[in-house]
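Visitor: starting from these lines, generate the structure:
(2 chains)
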There are 2 protein chains.
Amino acid sequence: MEEKEAKAKILDSRYLFKYPWLTVKEEKIELPNRKIIPHYFVLEYPDWVNTIAITKDKKFVMIKQYRHAIGLTNFELCGGCVDKGETPLQAAQRELLEETGYGKGIWRQNLRLSSNPSTNNNWVYNFIAEDVELVSKPHLDEGEDLSAHLMTEADIKNLLNDGKIIQSVHACALWKYLGQKKD
Amino acid sequence: MEEKEAKAKILDSRYLFKYPWLTVKEEKIELPNRKIIPHYFVLEYPDWVNTIAITKDKKFVMIKQYRHAIGLTNFELCGGCVDKGETPLQAAQRELLEETGYGKGIWRQNLRLSSNPSTNNNWVYNFIAEDVELVSKPHLDEGEDLSAHLMTEADIKNLLNDGKIIQSVHACALWKYLGQKKD
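Guide: Residues are numbered from 1 along each chain as shown, chains lettered A, B, ... in the order given. Below you'll find the model as predicted:
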């Protein structure tokens, strides 16, 4: 269904902003059905990654973090941006180690999604890492205000059912993981 | 876990942009841990809605739409923005009728998520509408380039397993719906 032949024609394109955390491109486009959209805004981001990390004794390594745009502190998966020269898997492993101190384990890709394909140009990769182990202390980036927490699968189900995991990619990854476990 | 007491302090705030499809606020904030972030960008949007709409003969009403930021055409749930004066449920029912011509049915909220709580200030509501019926012809807004398609549950599972439903909220809603059906 990824019909590359049906892309819009880009009639005009310019950058409105190029900040480290916000890059906005304004484009004039002609849709496949010939309609013209004079001002289409594309938000450019690096790819993002996050991980369902599970210890040998079946605890989920979760992050509790304040998110300013929505103004709430909630539980999330550990994740971050893919840096230049990294694969998504390498980025996910680096972020898990930096933010939680957990590493090693058996890794596989769970899904690849778009947070919003009408506004964002990037992909978000989710991985499942089983049998991870605490190998170091967390090393947080400047500006990161978060803490790591170990939770049971029952805790995760309760958070999901109560709508407390609000990040759409993280919630999707966990619903898929739990749904497929039952197959 | 919605700890309202742990919000950041907003030290400065100004609008960089106020366009119909892009409103950006730049804020200087002090995180709960006292770290200062001099340039935090908040994208302001109205709330969004989308619906898992299922006909009396168990067909899913899906939308096929080109999304310019990611540059792909994929299957999605039907959805859109909450207009002023509407509840999320009213918006979801209006969008389904406008985009597909389907209405009536038995509606319930499935989940409320954030596409990205670190960049977006809005919520996305997903509803499940069972026993919907074709009640009119679609009436598309200017600039909408989409088509409605009826699919079986097996089709939906195949799309999910093949990673072809890329919109994170839509994929999450469907994984949750299918996961809970098996309970």
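Visitor: element containing A:Q93, please.
Guide: Taking DSSP states H and E as the definition, one finds A:Q93 inside helix A:88-100.
Visitor: and after that helix, which helix or strand comes next?
Guide: Counting by DSSP H and E, the element after helix A:88-100 in chain order, helix or strand, is strand A:102-103.
Visitor: next structured bit after that next one?
Guide: Helices and strands here follow DSSP H and E; after strand A:102-103, the next one along the chain is strand A:106-113.
Visitor: can you show me the helices along chain A?
Guide: Assigned by DSSP state H, the helices in chain A fall at A:88-100, A:153-161, A:168-181.
Visitor: chain neighbours aside, what residue packs nearest to A:I156?
Guide: Spatial nearest neighbour of A:I156, excluding adjacent residues (CB to CB, 6 or more residues apart in numbering or on different chains): A:F60 at 5.4 Å. For the C-beta atoms, the positions are set from N, CA and C on the backbone; glycine is no exception.
Visitor: quick one, what contacts that neighbour?
Guide: Shown in contact with A:F60 (CB atoms under 8 Å, 6 or more residues apart in numbering or on different chains): A:I52, A:A53, A:I54, A:L150, A:M151, A:T152, A:E153, A:D155, A:I156.
Visitor: run the last query once more with 6 Å
Guide: A:F60 makes contacts with A:I54, A:M151, A:I156, as judged by CB atoms under 6 Å, 6 or more residues apart in numbering or on different chains.
Visitor: let's see the pLDDT reported for it.
Guide: A:F60 carries a pLDDT value of 98.
Visitor: what of A:E3?
Guide: Confidence at A:E3, expressed as pLDDT, is 47.
Visitor: just how off-centre is the worst-scoring helix or strand of chain A on mean pLDDT within its chain?
Guide: Comparing helices and strands within chain A by mean pLDDT, DSSP states H and E singles out strand A:146-151 as the least confident, with a mean of 90. Computed by CA atoms, centre = their mean, to the nearest Å, the chain-centroid distance of strand A:146-151 equals 17 Å.
Visitor: separation between A:D145 and B:K59?
Guide: 47 Å (CB to CB, to the nearest Å).
Visitor: sketch out the low-pLDDT regions of chain A for me.
Guide: A:1-5, A:142-143, A:182-183 (pLDDT under 70).
Visitor: can you list the domains in it?
Guide: With automatic domain parsing serving as the domain definition, the record reports that chain A contains domains spanning A:4-44, A:48-181.
Visitor: show me the one of those domains that comes nearest B:E44.
Guide: Closest approach to B:E44 among those (CB to CB): domain A:48-181, 8.7 Å.
Visitor: what residues are up against A:K9?
Guide: By CB under 6 Å, 6+ apart, A:K9 lies in contact with A:E30.
Visitor: give the bridge partners for it, please.
Guide: On the basis of DSSP bridges, A:K9 is bridged to A:E30.
Visitor: that one and chain B, how far apart?
Guide: 10 Å (CB to the nearest CB, to the nearest Å).
Visitor: looking at chain A, which residue lies furthest from center?
Guide: Relative to the centre of chain A, the most outlying C-alpha is that of A:R34, 33.5 Å out, by CA atoms, centre = their mean.
Visitor: bridging residues for A:V49?
Guide: Taking DSSP bridges as the rule, A:V49 bridges to A:G80, A:Y125.
Visitor: ok, it - contacts?
Guide: A:V49 sits next to A:G79, A:V82, A:P88, A:A91, A:A92, A:Y125 when contact means CB under 6 Å, 6+ apart.
Visitor: and if you look at A:N121?
Guide: Shown in contact with A:N121 (CB under 6 Å, 6+ apart): A:V42, A:E44, B:A69.
Visitor: so which of these wins on neighbours?
Guide: Ranked by neighbour count (other CB atoms under 10 Å in any protein chain shown), those have A:V42 at the top, with 23 neighbours.
Visitor: any idea how far it lies from A:F17?
Guide: Counting by CB to CB - A:V42 and A:F17 are separated by 11 Å.
Visitor: ok, back up a step: now, which of the contacts of A:V49 sits nearest A:K25?
Guide: A:V82 (19.4 Å).
Visitor: burial measure for the closest one, as a count.
Guide: 23.
Visitor: contacts for the least confident helix or strand of chain A?
Guide: A:K59, A:F60, A:M62, A:I63, A:K64, A:Q65, A:T100.
Visitor: and the closest residue to A:H39 other than its chain neighbours, how many neighbours?
Guide: Using CB to CB, 6+ apart and skipping the chain neighbours, the partner closest in space to A:H39 is A:E26 (6.0 Å). Residues near A:E26, counting by other CB under 10 Å, number 18.
Visitor: can you name the residues bridging to A:E26?
Guide: Beta-bridge partners, per DSSP bridges, of A:E26: A:R14, A:F41.
Visitor: what's it in contact with, if anything?
Guide: A:R14, A:L16, A:H39, A:F41.
Visitor: separation between it and A:L43?
Guide: From A:E26 to A:L43 the distance is 11 Å (CB to CB).
Visitor: now swap in A:N122 and tell me
Guide: 8 Å.
Visitor: which one of the two is surrounded by more residues?
Guide: Each of A:N122 and A:L43 has its neighbours counted (other CB under 10 Å); A:L43 has more, 23 against 18.
Visitor: isn't that one up against A:N116?
Guide: No: using CB atoms under 6 Å, A:L43 makes no contact with A:N116, being 8.4 Å away.
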